[in-house]
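Peer 1: can you look at this prediction? I've put the sequence above it.
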Amino acid sequence: MNEGPLQWQEIAAAMEPHGIVVEYAATTGSTNDDARAAAQQGAGHGYTVIADAQQWGRGRRGAAWHSPPERNLIVSTVLRPAMPLEHWSRLTHACALAVCETLDFYSDMPAAQIKWPNDIYISGLKVCGILVESVLHARGSFAIAGAGVNLNLSLDDFPPELRGAATSVWLQRGGQEVAREDFAGCYLLRLVENVSRAVVDFPGLMADCERRSFLTGRRIRLTASGRDIEGIARGLGPAGELLLETAAGMKSITSADLVRVT
Amino acid sequence: MDLKEIRQIIELMKRNDLSLFYMEREGFKIKLRKGVDFEAQLAPTPEAKAATPPPSPSPQVAAAPEPAPAPPVGTFIGSPMVGTFYRASGPDEKAFVNVGDTVDENTTVCVIEAMKVMNEIKAEMRGVITRVMVDDSAPVQYDSPLFEITPA
């Protein structure tokens, strides 16, 4: 596989006409932290940090995420959506759909699906995780949409314990390499567009997420507010929540941990 | 009933230290409750705004609200959204703030998670935290009081 640093200037030049500023770090602590620091200094909507390696990449609530250097897309984008704060939970869906739609361009592999709300799966295996963080402040709120997408990884690149749980675009395409620069550019354009859709046409955005829902129809178990709940996923509600059919009736889940297919 | 009359009722409630006023006439109901934002609780529509959150369209697993302690009186930091309340950035991390801590506009006091968006909430004022109103990992509603604060 061709390794080598990301040709980030190509991405920056391609994004400039769209008003998206792209910065690059060969190695950084966390692109979400870098984007947050830039936002605090006034970086605008669409400002993006891409890294080739991350020292302490993380998932939700501090879960670690590992990535060999120069193989994947590690990207964080500052978002300043023009909508009330109570709707900012829509950003996870906007970001997840952007990753899926970018993966859709690669027609030589199975379709990507969204495992509600923030993981992307292909062939039942995780290919991307998303972490959206926001800082809500009277003097200017912003969000950071972070995504880590497994692109050019072979099976040997995964630690043994992940081989039955995670995959890469390279593996799904039968050994076809992905031009990471192209992937990054397509993703950023989809992301910015989907954030606008989250503002003006959230039902349409959710319909697109629903079509790609990995969990719908499956029996799952999850933890919500410290309680274990089991049921069959029945799609998504109007605010993007997970609808779960349980023995006690239909539940609407807005936050959950450890969502597992049983 | 016009605004003037409602104001008079509020004055009566204040003078007699009443926390709740409820009146029903044909085609008209009003419920006044003294709390976080006294004026905001005025319900101009026939269906008076209840003190507890309205039932959501489908039963919510996050719902099951514990009976509220005493109706909150004082200054509070409220939740800007429906979600899950976290006092720290991770399971093994220190709480952002504790009772007795002095905070200012820029102090992060908690995280509210909604649909896996981790939202950092700022105190937005100077003061001392006097009470944490919600348990860690508990569901919160829009505008739920999260912390009681004595403004400096």
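Peer 2: Alright, I've got the coordinates. Numbers count the residues shown, from 1 in each chain, chains lettered A, B, ... in the order given.
Peer 1: would you map the helices across the chain?
Peer 2: This is for chain A. A:8-15, A:31-40, A:90-104, A:169-172, A:180-200, A:202-211 (DSSP state H).
Peer 1: wait, I meant chain B there
Peer 2: In chain B, the helices defined using DSSP H lie at B:3-15.
Peer 1: domain map for it?
Peer 2: Here the domain parsing of chain B from automatic domain parsing is B:3-42, B:75-151.
Peer 1: looking at those, which one is packed in the most?
Peer 2: Of all the domains of chain B, domain B:75-151 carries the top mean neighbour count, a mean of 19, counting by mean count of other C-beta atoms under 10 Å in any protein chain shown. All C-beta spots, glycine's among them, are computed from the backbone N, C-alpha and C.
Peer 1: what average pLDDT does it get?
Peer 2: The average pLDDT within domain B:75-151 is 94.
Peer 1: so which of the helices of chain A gets nearest chain B?
Peer 2: Across the helices of chain A, chain B has its closest neighbour in helix A:90-104 (4.9 Å, C-beta to the nearest C-beta).
Peer 1: on that earlier part again, most tightly packed of the helices of chain A?
Peer 2: The highest mean neighbour count among the helices of chain A, using mean count of other C-beta under 10 Å, belongs to helix A:90-104: a mean of 26.
Peer 1: do it and chain B meet?
Peer 2: Yes: contact of helix A:90-104 with chain B (C-beta under 8 Å from any C-beta of the partner chain) involves A:90-93.
Peer 1: using JSON lines, lay out the domains of chain B together with distance to residue A:38.
Peer 2: What follows is the domains of chain B, written out as JSON lines (distance: least, C-beta to C-beta, whole Å):
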{"stretch": "domain B:3-42", "distance to residue A:38": "35"}
{"stretch": "domain B:75-151", "distance to residue A:38": "16"}
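Peer 1: closest one to residue A:216 among these?
Peer 2: Closest to residue A:216 of the domains of chain B is domain B:75-151 (C-beta to C-beta; 16.4 Å).
Peer 1: what's the span of the closest one, first residue to last?
Peer 2: 8 Å (C-alpha to C-alpha, to the nearest Å).
Peer 1: mind checking the domains of chain B for the one nearest to chain A?
Peer 2: Here domain B:75-151 is closest among the domains of chain B (C-beta to the nearest C-beta), at 3.2 Å.
Peer 1: hmm, the closest one touching chain A?
Peer 2: Yes: Domain B:75-151 comes into contact with chain A (C-beta under 8 Å from any C-beta), by way of B:80-84, B:86, B:89-93, B:105-106, B:108, B:113-122, B:124, B:137-139, B:142.
Peer 1: and the helix or strand bottoming out on mean pLDDT in chain A, which strands flank it?
Peer 2: Sorted by mean pLDDT, DSSP states H and E, the helices and strands of chain A end with strand A:257-261, the least confident at a mean of 81. Sheet pairing of strand A:257-261 (DSSP bridges) gives strand A:219-224 (antiparallel).
Peer 1: give me the contacts around the strand it pairs with.
Peer 2: A:228-233, A:244, A:253, A:255-262, B:61-62 (C-beta atoms under 8 Å, 6 or more residues apart in numbering or on different chains).
Peer 1: report the buried members of those residues.
Peer 2: Among the contacts of strand A:219-224, those buried by neighbour count (16 or more other C-beta atoms under 10 Å in any protein chain shown) are A:229, A:231, A:233, A:244, A:253, A:255-256, A:259, B:61-62.
Peer 1: for residue A:130, what are its contacts?
Peer 2: By C-beta under 8 Å, 6+ apart, the contact set of residue A:130 is A:92, A:95-96, A:99, A:118-120, A:145-147, B:116.
Peer 1: tell me which of these has the lowest pLDDT.
Peer 2: Lowest confidence among the contacts of residue A:130: residue B:116, with 88.
Peer 1: which residues does residue 100 contact?
Peer 2: No chain was given, so I picked chain A. Residue A:100 touches A:112-114, A:120, A:212, counting by C-beta under 8 Å, 6+ apart.
Peer 1: please go with chain B instead
Peer 2: Taking C-beta under 8 Å, 6+ apart, we find residue B:100 in contact with B:128-129.
Peer 1: phi, psi of it?
Peer 2: phi 100, psi -20 (degrees, to the nearest 10).
Peer 1: the one 4 residues further on now?
Peer 2: With angles defined as degrees, to the nearest 10, residue B:104 shows backbone torsions of phi -130, psi -170.
Peer 1: repeat for residue A:7
Peer 2: Backbone dihedrals for residue A:7, given as degrees, to the nearest 10, come out at phi -80, psi 70.
Peer 1: write out the residues of the stretch 51-200 of chain A neighbouring chain B.
Peer 2: Residues of the stretch 51-200 of chain A lying near chain B (C-beta under 8 Å from any C-beta): A:60-62, A:85-86, A:88-93, A:117-118, A:130-139, A:143.
Peer 1: report the buried members of these.
Peer 2: So, by 16+ other C-beta under 10 Å, the buried ones in these are A:60-61, A:85-86, A:88-93, A:117-118, A:130-137, A:143.
Peer 1: for the nearest residue to residue A:226 once chain neighbours are set aside, list the residues it contacts.
Peer 2: Spatial nearest neighbour of residue A:226, chain neighbours left out: residue B:137 (6.1 Å); criterion: C-beta to C-beta, 6 or more residues apart in numbering or on different chains. Counting by C-beta under 8 Å, 6+ apart, residue B:137 makes contact with A:225-226, B:84-86.
Peer 1: go again with 7 Å.
Peer 2: By C-beta atoms under 7 Å, 6 or more residues apart in numbering or on different chains, the contact list for residue B:137 reads A:225-226, B:84, B:86.
Peer 1: what's the closest non-adjacent residue to residue B:76?
Peer 2: residue B:145 (3.8 Å).
Peer 1: what sits opposite the one you found in the beta ladder?
Peer 2: Counting by DSSP bridges, the residues bridging with residue B:145 are residue B:78.
Peer 1: that one contacts residue B:79, doesn't it?
Peer 2: No: assessed by C-beta atoms under 7 Å, residue B:145 is found out of contact with residue B:79, at 8.0 Å.
Peer 1: ok, what's across the strand from residue A:129?
Peer 2: Note on residue A:129: beta-bridge partners residue A:119, residue A:148, judged by DSSP bridges.
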